[in-house]
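> just a sequence and a predicted model for now, questions to come.
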Amino acid sequence: MRKLPLGRTGILVSELCLGTMTWGNQNTEAQGHAQIDMALDHGVNFLDTAEMYPTQPVRAETIGRTEEIVGSWLARTGRRDDVVIATKITGAGSPHVRGGAPITGQAVRAAAEASLRRLQTDVIDLYQLHWPNRGSYNFRKHWFFDPTTQDRAATADHMQDVLAELQRLVTEGKIRHFGVSNESTWGTAEWLRLSEANGWPRVQSVQNEYSLLCRLWDTDLAELCHHENVTLLAFSPLAAGLLSGKYAGDVTPDQSRRAFTPDLGGRITPQVFPAVAAYLGVAARNGLDPCQMALAFCTSRPNMIPIIGATTPEQLKTNLGAAGMVLSAEVLDDIAEVRRNHPMPF
């Protein structure tokens with residue numbers, strides 16, 4: 001499996017990142033361990049988790065369980081040096097984590113140290129802010145996003161408070177690098193500006209949603225990522241399973257993500273199934289597995305690493321099969337035509 005640079009960290013990570021958010025809810029500890037083993041056998045060395053995981057749904061009694069499962073795998077195998085671990089501090093407004101309190105420097109320290117304990121490791125390779133305090137246009141909020149409610153001075157004070165604490169954690173050897181998630185172009189640029197002005201940790205990655213059905217990254221944020229060597233960690237590259245075709249015909253298989261979240265986080269719209277059908281048609285005409293085609297499209301983009309997730313070994317094996325795939329010019333042309341015919345289906 002290809003290894004790619006993670007921002008300007010000097011760390012090389014696999015072209016696919018293993019996501020973990022189902023472990024501890026839809027998947028057991030043993031199943032989570034088996035997924036790590038399978039992924040590493042295929043060349044993956046990059047794991048992404050978060051303090052609030054598992055999801056579907058997020059519950060107070062399971063907060064942190066996914067990190068604990070990663071930690072028990074590390075303790076059992078002793079393979080800490082074989083993996084790059086990314087985790088996140090939960091943003092403001094999640095009632096199950098710190099009562100929904102916003103991210104502060106103090107919260108970053110407490111959350112990072114708690115994650116270290118659950119992960120049973122001395123250092124976190126990439127520590128991310130799950131979403132910004134000031135709000136975000138991700139998760140379908142772009143339809144009504146209003147930045148005029150933001151306070152620039154308060155945002156700058158917050159960013160400096162967090163960056164200064166991140167620097168202390170780096171100095172103490174508790175984290176190596178810093179990333180953001182569900183962040184905008186302006187927000188990422190501000191984090192970069194302040195970090196460079198003060199010699200604090202710089203943004204190395206942005207973890208935002210990206211798939212054939214969700215391409216908000218492709219303009220201004222792609223430009224920033226290119227010029228600043230910031231890696232996009234693309235979550236939901238299969239659009240929560242829509243691009244696999246398993247929901248085609250508006251069905252809901254038992255134990256699927258849609259069984260827990262009927263609207264798939266706002267992705268189920270009148271426009272989405274015609275768009276999915278069109279992409280499934282591209283895959284069928286070209287003899288491609290639709291999941292692998294969708295992931296290979298992501299890996300064809302510059303500065304992008306898709307985060308794959310699965311609830312069964314079969315799903316994970318299929319997704320891992322996208323490593324090294326190169327889509328033909330004809331397939332890419334077909335994909336471009338579908339996008340023009342089905343723009344922003346959710």
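Structure's in. What do you need? Given the structure is predicted, the values throughout are model-derived calculations rather than measurements. Numbers count the residues shown, from 1 in each chain.
> in the protein, where is pLDDT below threshold?
Low-confidence segments of the chain, defined by pLDDT under 70: none present.
> check it and tell me which residue is nearest its centre.
When C-alpha atoms, centre = their mean is applied to the chain, the residue found nearest the centroid is residue 235 (3.6 Å).
> what sits opposite it in the beta ladder?
residue 209 (DSSP bridges).
> I figured it was touching residue 308, is that so?
No. Residue 235 lies out of contact with residue 308 (C-beta atoms under 8 Å); the separation is 9.8 Å. Any C-beta I mention is one placed from the backbone N, CA and C, and that applies to glycine too.
> overlap in contacts, these two.
Listed as contacting both residue 235 and residue 308 by C-beta atoms under 8 Å, 6 or more residues apart in numbering are residue 19.
> which element is residue 206 on?
For residue 206, the element it lies in under DSSP states H and E is strand 203-209.
> which strands and helices sit next to the next helix or strand after that strand?
Stepping forward along the backbone from strand 203-209, the first helix or strand reached (DSSP H and E) is helix 220-228. Here helix 220-228 is seen to pack against helix 185-198, strand 203-209, strand 231-235 when contacts are counted using 3 or more C-beta pairs under 8 Å, 6 or more residues apart in numbering; DSSP states H and E.
> show me what counts as buried in helix 220-228.
Residues of helix 220-228 classed as buried by neighbour count (16 or more other C-beta atoms under 10 Å): 221-222, 224-225, 228.
> from those residues, which is closest to residue 184?
Of all the buried residues of helix 220-228, the one with the least separation from residue 184 (C-beta to C-beta) is residue 221, at 7.3 Å.
> number of residues surrounding residue 30?
By other C-beta atoms under 10 Å, the residues close to residue 30 number 10.
> quick one: it is in a strand?
No. Residue state for residue 30 (DSSP: H, G, I helix; E, B strand; the rest coil) corresponds to helix; a strand is not indicated.
> next, the contact list for it, please.
The neighbourhood of residue 30, defined by C-beta under 8 Å, 6+ apart, contains no residues.
> kindly report the same for residue 234.
By C-beta under 8 Å, 6+ apart, residue 234 lies in contact with 207-211, 217, 298, 304-307.
> ok, 7 Å please
If a contact means C-beta atoms under 7 Å, 6 or more residues apart in numbering, then residue 234 has 210, 298, 304-307 as its contacts.
> now do the helices in the stretch 51-200 of the chain.
Counting by DSSP state H, counting those that start in this stretch, the stretch 51-200 of the chain has these helices, from start to end: 65-77, 105-119, 152-171, 185-198.
> turn the ones you listed into CSV, including mean neighbour count and distance to residue 87.
Shown next, in CSV, are the helices of the stretch 51-200 of the chain (neighbours: other C-beta atoms under 10 Å; distance: least, C-beta to C-beta, whole Å):
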stretch, mean neighbour count, distance to residue 87
helix 65-77, 20, 6
helix 105-119, 18, 5
helix 152-171, 16, 13
helix 185-198, 17, 18
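> nearest to residue 242, out of the ones you listed?
Minimum separation from residue 242 across these (C-beta to C-beta) falls at helix 65-77, 23.1 Å.
> so which elements touch the closest one?
helix 29-41, helix 105-119 (3 or more C-beta pairs under 7 Å, 6 or more residues apart in numbering; DSSP states H and E).
> angle of that helix against helix 105-119?
Using axes from the mean of the first three to the mean of the last three C-alpha atoms, to 10 degrees, the direction of helix 65-77 lies 40 degrees away from that of helix 105-119.
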